[in-house]
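> Fold the following for me, if possible:
(one chain, ligands or ions: 1)
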Amino acid sequence: MYKIPLLSFLLIIFALVLPSIVSAKTPSIPILMYHYIQSSPAHSSLFVSPQNFASQMAYLADNGFTPISLDTLYAINQNLVFPPQKPIVITFDDGYIDFYTNAFPILRRYNFNSTVFVITGFVGRPPYLSWNNIEELNRTGLVSFQSHSVNHKSLTSLVFAKITQELTESKSVLGLKLGHPVNFIAYPFGQSDPRVASIASRAGYSGGLTTIYGKSHGNSFSIPRIRISGFDSLAAFAAKIN
Ligand SMILES: [Zn+2]
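Next up, the predicted model:
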């Protein structure tokens with residue numbers, strides 16, 4: 001007699017609790033996207049001054065954010081680890097030398113984890129990091145290097161074999177140099193489509209990052225990021241991540 005009301009009651013409770021379980025599995029986590037950390041020679045939004053970058057990192061530290069790697073983000077989204085307090089991912093595209101000279105000294109001050117997307121075919125030529133720089137930064141355990149292709153071509157405009165080469169060669173070259181797997185690709189110019197995403201998945205990547213604006217909501221091959229502009233005030237920076 002009481003079985004049916006009890007079952008209905010349990011179903012209602014389950015329906016109420018389920019959405020919070022699902023959302024706990026895929027928390028909304030900001031992934032910051034930077035390019036150059038230096039004063040802009042041409043008043044470009046891609047250049048964040050070292051002074052502004054230092055203020056932004058101080059803001060993260062003062063407000064209890066925990067910078068994590070993309071591998072940790074993946075594990076959080078798979079429900080394999082609990083998220084730390086206010087997780088955030090700090091990424092740098094292209095692998096410019098100013099990451100070594102300007103950004104890393106500030107990041108190290110706070111013991112902040114960061115991710116650099118390297119164009120493997122450009123390593124060692126100005127204004128990019130050298131393999132020596134990359135290996136030295138890798139040894140600190142604070143910087144995670146991931147793929148940004150071999151030649152920084154728009155992958156959506158290439159034929160199948162060329163896309164495969166851009167994805168697999170950059171992954172294996174970096175993996176050999178670093179001594180650990182490279183699991184993420186940031187698409188050059190943020191350009192991807194279902195064909196590129198499926199080749200990336202078959203090449204063994206765990207995820208792909210775009211330049212689409214937004215916070216990350218789970219593992220995918222079209223992960224959005226939050227572009228930090230050289231023109232952002234500290235208030236604008238704070239508004240973007242909160
Ligand atoms: Zn790029």
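
> Please make it C-alpha for all contacts and neighbour counts, starting now.
Fine.

> ranges for the helices of this protein?
Here the chain has its helices, by DSSP state H, at 3-25, 50-62, 70-77, 97-98, 104-109, 131-139, 160-178, 194-202, 234-241.

> tell me the contacts of F104?
Listed by CA atoms under 8 Å, 6 or more residues apart in numbering, F104 has no contact partners.

> again with the one 4 residues further on
By CA under 8 Å, 6+ apart, the contact list for R108 reads L142.

> Okay, it and T72: tell me how far apart.
19 Å (CA to CA, to the nearest Å).

> again, but for P87
P87 sits 10 Å away from T72, going by CA to CA.

> now do N138
For N138, the distance to T72 - CA to CA - is 16 Å.

> Now for S198, how many residues are close by?
By the criterion of other CA atoms under 10 Å, S198 has 12 neighbours.

> Kindly provide the distance from it to the ion.
20 Å (CA to the ion, to the nearest Å).

> and that residue, what pLDDT?
Here the pLDDT value assigned to S198 is 98.

> List the residues that contact it.
S198 neighbours (CA under 8 Å, 6+ apart): none.

> 10 Å - rerun?
Going by CA atoms under 10 Å, 6 or more residues apart in numbering, S198 touches 205, 221.

> Enumerate the residues of the protein near the ion.
Contact residues (CA under 5 Å from the ion) of the chain with the ion: 94, 188.

> how about a cut-off of 8 Å?
35, 93-94, 117, 119, 148, 152, 186-190 (CA under 8 Å from the ion).

> List only buried entries from these.
Taking 16 or more other CA atoms under 10 Å as the criterion, what is buried in the residues of the chain next to the ion is 35, 93-94, 117, 119, 148, 152, 186-188, 190.

> Low-confidence bits of this protein, can you list those?
Along the chain, the parts satisfying pLDDT under 70 run over 1-25.

> just to revisit the earlier point, with distance to S170 added, can I get the buried ones among the residues of the chain next to the ion in TSV?
Formatted as TSV, those follow (distance: CA to CA, whole Å):
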residue	distance to S170
H35	19
D93	14
D94	13
F117	10
I119	7
H148	8
H152	11
A186	11
Y187	12
P188	12
G190	16
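
> what's across from F117 in the sheet?
As for beta bridges, F117 partners with D93, Q146 under DSSP bridges.

> Next up, the contacts around it.
Contact analysis of F117 by CA under 10 Å, 6+ apart lists 35, 91-96, 144-149, 184-188.

> and if we set it to 7 Å?
Applying CA atoms under 7 Å, 6 or more residues apart in numbering to F117 gives the contacts 92-95, 145-148, 186.

> repeat for T164
The contact partners of T164, by CA under 7 Å, 6+ apart, come to I199.

> In the sheet, which residues pair with the residue lying closest to S201 once chain neighbours are set aside? Tell me.
Closest residue to S201 apart from its sequence neighbours, by CA to CA, 6 or more residues apart in numbering: G207 at 7.4 Å. For G207, the beta-bridge partners are F184 (DSSP bridges).

> Give me the neighbour count for G207.
Using other CA under 10 Å, G207 is surrounded by 21 other residues.

> wait, it sits on F184?
Yes: here G207 reaches F184: they are 5.2 Å apart, a contact under CA atoms under 7 Å.

> Quick one: residues contacting F47.
With contacts defined as CA under 7 Å, 6+ apart, F47 is in contact with 35-40, 230.

> Thanks again, I'm all set now.
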